[in-house]
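Engineer: Provide a 3D model corresponding to the input given below.
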Amino acid sequence: MSRAAMKMACVGHTVALYNSSHISSFQASLSPLCRRPHISAFIHHNPSSVTMGFIDNRDPRVQYYGSWGHFTDSGSDLEEEIYNGTLSSTSEGDSSFKMSFDINDLDETPLSPDDGIAISVCGNVVNAEPDRNLTVLFSVDHLKPERVDLRDAVLGDCFFQSSVLDAPGSHSLTVHVLDPSSNHGILGFDYASVDPVPLPKSSSHRSKSAGAIVGIIIGAVAFLVVCAGALLAWRRKLRRKAYVVSRAKDLEHRMAVLSGKKAPVPPGPTLPAPALIDNKVDSLITD
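Structural biologist: Next up is the predicted model:
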């Protein structure tokens, strides 16, 4: 099997070999040409056949700020331990580099819907004194920066791995070396690896639970709206019926009054016949 088809992982004093097209139980973020027994590995289960991808320190996407030295090694024993034979390092304060990455950096796509991606930073760290660490700030996307105190690390070590990120979209990584100096040490950046990582079940479950809760709330609101509309229509119907009954009774009463169903007026007393007036002239009237 060729070296291009096989990647070697040095984990503690155990050597684990795995084919690039299949990972049986774990995957470690480390140099594909590592031969040393000491390494810091980030182990995770990877059920898919998609394998990690590598971004070299001289990739055009990597932008350096501050004071950095870039070395190319050829024709020596270190060439097999430095990815692509190049290494960038700094020993000056306030130096940093920034890079972008995405799902296309994986060796194979598409990625399983249950997987995300993570990025690891690999290289070496040289501490000037055993009791002084190198302080480095790692920032991924807009997440809270992670401050890490680094001890000595040999070539091929991966000294940082991000949390699981959503696969779609572009991501960014910023590495800011806070105190590289002769008193603290030197940071060497060899490459970054982009790894397929299963998404946390808890976050997936929370996402599904949140969707279910939203659906329940929408359904409950719709049900209450329907019930309120039905109640309003029923009350309007009752008021309309009461109004019709009231109008009918009022109309019946008016019709009864107009039809003469009231009591007759009693006749008044009979007037006496007028007395006859005697128009004869009294004969006894004297002349």
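Engineer: Quick one: mean pLDDT over stretch 88-96.
Structural biologist: Stretch 88-96 carries an average pLDDT of 90.
Engineer: Buried residues in it, which are they?
Structural biologist: Of all the residues in stretch 88-96, those buried under the rule 16 or more other Cβ atoms under 10 Å are 88-91, 95-96. Placement of C-beta: from N, CA and C, glycine included.
Engineer: show me what contacts residue 89?
Structural biologist: Applying Cβ atoms under 8 Å, 6 or more residues apart in numbering, we find residue 89 in contact with 68-69, 71, 123, 186-189.
Engineer: Need the three-state assignment for residue 131.
Structural biologist: coil (DSSP: H, G, I helix; E, B strand; the rest coil).
Engineer: If you could redo that for residue 113, that was the one I meant.
Structural biologist: On the three-state scheme (three-state DSSP), residue 113 is labelled coil.
Engineer: What's the local residue count around it?
Structural biologist: The criterion is other Cβ atoms under 10 Å. On that basis, residue 113 has 9 neighbouring residues.
Engineer: Same question for the one 4 residues further on.
Structural biologist: In terms of burial, residue 117 registers 25 neighbours under the definition other Cβ under 10 Å.
Engineer: so it touches residue 194, yeah?
Structural biologist: Yes. The pair residue 117 and residue 194 qualifies as a contact (Cβ atoms under 8 Å) at a distance of 5.8 Å.
Engineer: Name all residues that sit in contact with these two at the same time.
Structural biologist: If you check residue 117 and residue 194 against Cβ under 8 Å, 6+ apart, the residues they both contact are 101, 106.
Engineer: Any buried residues in stretch 236-251, and which?
Structural biologist: By neighbour count on 16+ other Cβ under 10 Å, the buried set for stretch 236-251 is empty.
Engineer: Restrict that stretch to CA atoms and write it as CSV.
Structural biologist: Coordinates of the C-alpha atoms in stretch 236-251 are reproduced here as CSV (Å, rounded to 0.1, in the frame of the first residue of the first chain):
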residue,chain,number,x,y,z
ARG,A,236,-74.0,36.8,17.5
LYS,A,237,-76.5,34.2,16.5
LEU,A,238,-78.1,34.2,20.0
ARG,A,239,-78.3,38.0,20.0
ARG,A,240,-79.9,38.0,16.6
LYS,A,241,-82.5,35.4,17.6
ALA,A,242,-83.4,37.4,20.8
TYR,A,243,-83.7,40.5,18.7
VAL,A,244,-86.1,38.8,16.2
VAL,A,245,-88.3,37.4,19.0
SER,A,246,-88.4,40.9,20.7
ARG,A,247,-89.4,42.6,17.4
ALA,A,248,-92.1,40.0,16.8
LYS,A,249,-93.7,40.5,20.2
ASP,A,250,-93.6,44.3,19.7
LEU,A,251,-95.2,44.0,16.3
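Engineer: pLDDT of it, averaged?
Structural biologist: Stretch 236-251 carries an average pLDDT of 77.
Engineer: returning to what we had before: would you mind giving the buried residues of stretch 88-96 as TSV with distance to residue 170 and secondary structure added?
Structural biologist: Output for these, formatted as TSV (distance: Cβ to Cβ, whole Å; DSSP: H, G, I helix; E, B strand; the rest coil):
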residue	distance to residue 170	secondary structure
88	22	strand
89	27	strand
90	26	strand
91	31	coil
95	24	strand
96	19	strand
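Engineer: Just send those back as CSV, with distance to residue 137 too.
Structural biologist: What follows is those, written out as CSV (distance: Cβ to Cβ, whole Å):
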residue, distance to residue 137
88, 17
89, 17
90, 14
91, 17
95, 11
96, 8
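Engineer: got the residue ranges for the strands in the stretch 51-200 of the chain?
Structural biologist: Defined through DSSP state E, counting those that start in this stretch, the strands belonging to the stretch 51-200 of the chain, from first to last, are 53-56, 63-65, 69-72, 86-90, 95-101, 115-126, 134-140, 146-150, 153-161, 171-177, 186-198.
Engineer: So which of the ones you listed is nearest residue 211?
Structural biologist: Distance to residue 211, taken as Cβ to Cβ, is lowest for strand 115-126 among those, at 18.5 Å.
Engineer: I'd like to know which elements that closest one is packed against.
Structural biologist: strand 86-90, strand 134-140, strand 153-161, strand 171-177, strand 186-198 (3 or more Cβ pairs under 8 Å, 6 or more residues apart in numbering; DSSP states H and E).
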